[in-house]
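Chemist: Okay, predicted coordinates and the sequence, questions at the end:
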Amino acid sequence: IRWQKSLRPGLEELESIEKDAFLDKQAARKWLVYSGSALFLLALLSGFFSKNILDQYEPSVQADLSPSAVEVVAVQPLEDHPVRLTSEVEIQDEAEMAPDSPENVHETSSNDMQVAKTAPATASIPTKEQWRKNYPFFRGPEGNGIAYKTNVPEKFDAASGQNVLWKVKVPKHGYNSPIVWDDKLFVSGADTEARVVYCYDKNTGKLLWEAKADQIPGSPAQLPKVTEDTGLAAPTMAANGSAVFALFGTGDLVSLDMNGKRLWSKNLGVPDNHYGHSSSLIIYKDKLLIQYDTNRGAKVLALSTTDGSTRWETVRKAKISWASPVLADVNGKTQLILTGEPLVAGYDPENGKELWTVNCMMGEVGPSVGYADGVVYAANEYATLAAIKIGNQPEIIWEDNEFLPEVASPLAANGLLIVATSYGVVACYDVADGSKYWEHEYNNGIYASPVFTDGKVYVMDMGGNLHVLKMGKEYQLIAESKLGEKSVCSPVFADGKMYLRGFDHLYCIGKN
């Protein structure tokens, strides 16, 4: 504009005529508007008449697989395995319900590459007795800390080997507790190189197979940032006798048959957790239930155990949580109980419908709930310990805030409630009115959730010391044993044996 004005012939201005700076600025603005509009119209017309060449660069999903490398197998169409949708909440697209490709590869401990040729058409649903005979989830067959076992070991000495039937080193580190089905014991481990599921013979400690959770569509190329005390393998696995399921801090979920062949896998979305994801898995009938509360939103979802398709998904009005789901028998009907900030809520595991909710939690919720006889016990450090009676109008019947857990979940059994804290105090309350019977302080803090079985409470502290207490109104120590390494994993029981996981090793405790 300045150049254009300089071409105009200049005339000697009369001293009586004053120049108006405002008019000059106004003229400049008009030229800017006219020029900008012309450029915008030119760009708009160019974009409208241009040819879209991006279609030429669509990524190909066809892998370069030679017949000599992978055996091509026939997979029955999804129509042969109908999925019954019973949810009253929004279901994902039908395209998302298709099973993952059978080209997912499983690597055994001998590094043989195999392909899972078929998946079961229908889920094999264990009976109540089968669930309780095994140890399929975090905190037992209902996820509430009750093991339903008798004649369990009480004492051992890892240093001398007394009552230690076997001890093995787990190749990759993880904070998940073991699970057991029949003669097989499962744990997972992870590092920056790989995420792996390990299967051991629970009687001998022999490593039967291992399988990597790799080549999963949607898996992040860059690992999420996690803290050292959570890692990438914090969630405890789940098993139903037909398959085992493992979830990692990357959001990768894998299903393997009992021999280690991959059945299906998927990525649930990288969890946005500033410590790392730790919510464990649990199974109801033919549904794998997952609490997925992250900074990006909270939800609970149910996937088909046979093919990983979404059966239902419910958005939760909650913030990030590290707690795990619990199955509760409420008046003969199973409910799924979850806790997080600010709510404790019950859901119908058949369809994901929210049945009730109570707002009473706050902070970074790590402990799962305890449950007994129609009452849910929820707690979190710097929040409260609340006893919630379930009904059409759920209500808090009592609260206490003297001793609150940071990680370990409350345990309710035999009319008593056990709470273990990260600063080493274990306290016992009356479930009816919250009156405190006793408290006892240990030298180490407690992250592992207490487990009740055979009239006793098993408490593992972070120093690797196992404390066996009588479940009673007075504090009574039955036995104490030293693992010889740190531990944050809960004890597991099966067939008269106890299984413990330290930072580095797995232990089988029995009588020798």
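Modeler: Done, it's in. Residues are numbered from 1 along each chain as shown.
Chemist: partners of A345 in the sheet?
Modeler: Note on A345: beta-bridge partners by DSSP bridges are L338, T357.
Chemist: you'd agree it is up against V358?
Modeler: Yes: proximity of A345 to V358 meets the contact threshold set by Cβ atoms under 8 Å, at 7.5 Å. Where you see a C-beta, it was placed from the backbone N, CA and C, and this is true even at glycine.
Chemist: Have a look at those two and say which one is more surrounded.
Modeler: Between A345 and V358, counted using other Cβ atoms under 10 Å, A345 has the larger neighbour count: 24 against 20.
Chemist: where's that one relative to G249, distance?
Modeler: According to Cβ to Cβ, to the nearest Å, A345 and G249 sit 24 Å apart.
Chemist: Next, K319: secondary structure please.
Modeler: Following DSSP: H, G, I helix; E, B strand; the rest coil, we place K319 in the coil state.
Chemist: give the contact list for it.
Modeler: Contacts for K319 (Cβ atoms under 8 Å, 6 or more residues apart in numbering) come out as D293, N295, A298, G340, E341, P342.
Chemist: Check what pLDDT the second one gets.
Modeler: According to the predicted model, the pLDDT of N295 comes to 94.
Chemist: And the closest residue in space to it that isn't next to it in sequence, how close does it get to A318?
Modeler: Distance criterion Cβ to Cβ, 6 or more residues apart in numbering; nearest residue to N295, sequence neighbours excluded, is D272 at 4.1 Å. Noted for D272: a distance of 14 Å to A318, by Cβ to Cβ.
Chemist: V459 now?
Modeler: Taken as Cβ to Cβ, the span from V459 to A318 is 29 Å.
Chemist: go on, S279?
Modeler: Using Cβ to Cβ, we find S279 at a distance of 12 Å from A318.
Chemist: what about the two, which has more around it?
Modeler: Using other Cβ under 10 Å, the more surrounded residue of S279 and A318 is S279, with 27 against 24.
Chemist: before we move on, which element is the residue nearest to A383 when sequence neighbours are not counted in?
Modeler: Closest residue in space to A383, ignoring its immediate chain neighbours: M362 at 4.6 Å, by Cβ to Cβ, 6+ apart. Using DSSP states H and E, M362 sits within no helix or strand.
Chemist: go on, S35?
Modeler: Using DSSP H and E, S35 maps to helix 21-49.
Chemist: for the record, mean pLDDT for that helix?
Modeler: Across helix 21-49, pLDDT averages out at 73.
Chemist: list residues touching both of S279 and A318?
Modeler: Taking Cβ under 8 Å, 6+ apart as the contact rule, S279 and A318 both touch D293.
Chemist: phi, psi of K133?
Modeler: phi -70, psi -30 (degrees, to the nearest 10).
Chemist: Please apply the same query to Q130.
Modeler: Per-residue torsions, Q130: phi -70, psi -40 (degrees, to the nearest 10).
Chemist: what do you get for the one 10 residues further on?
Modeler: Taking degrees, to the nearest 10, you get phi 100, psi -180 for the backbone angles of G140.
Chemist: contacting residues around it?
Modeler: G140 touches I146, A147, Y148, V451, counting by Cβ under 8 Å, 6+ apart.
Chemist: Now with 10 Å, please.
Modeler: G140 sits next to 131-132, 134, 146-149, 179, 326, 449, 451-453, 490, 492-493 when contact means Cβ atoms under 10 Å, 6 or more residues apart in numbering.
Chemist: from those, which single one is nearest P410?
Modeler: Distances from P410 to the contacts of G140, taken as Cβ to Cβ, are shortest for S449 (8.5 Å).
Chemist: what about the closest one, which SS state?
Modeler: Assigned by three-state DSSP, the conformation of S449 is coil.
Chemist: Return the residues in contact with it.
Modeler: With contact taken as Cβ under 10 Å, 6+ apart, S449 is in contact with 138-140, 143-145, 177, 324, 367-368, 370, 405, 407-411, 418, 420, 458-460, 488-491.
Chemist: Could you report the distance from the residue lying closest to N414 once chain neighbours are set aside to N151?
Modeler: Excluding the flanking residues, the one nearest N414 by Cβ to Cβ, 6+ apart is M471, at 5.3 Å. Distance, M471 to N151, by Cβ to Cβ: 16 Å.
Chemist: Looking at these two, which is more packed in?
Modeler: Per other Cβ under 10 Å, whichever of M471 and N151 has more neighbours is M471, with 19 against 11.
Chemist: contacting residues for the more buried one?
Modeler: Residues in contact with M471, defined by Cβ under 10 Å, 6+ apart, are 411, 413-416, 418, 428, 450, 452-457.
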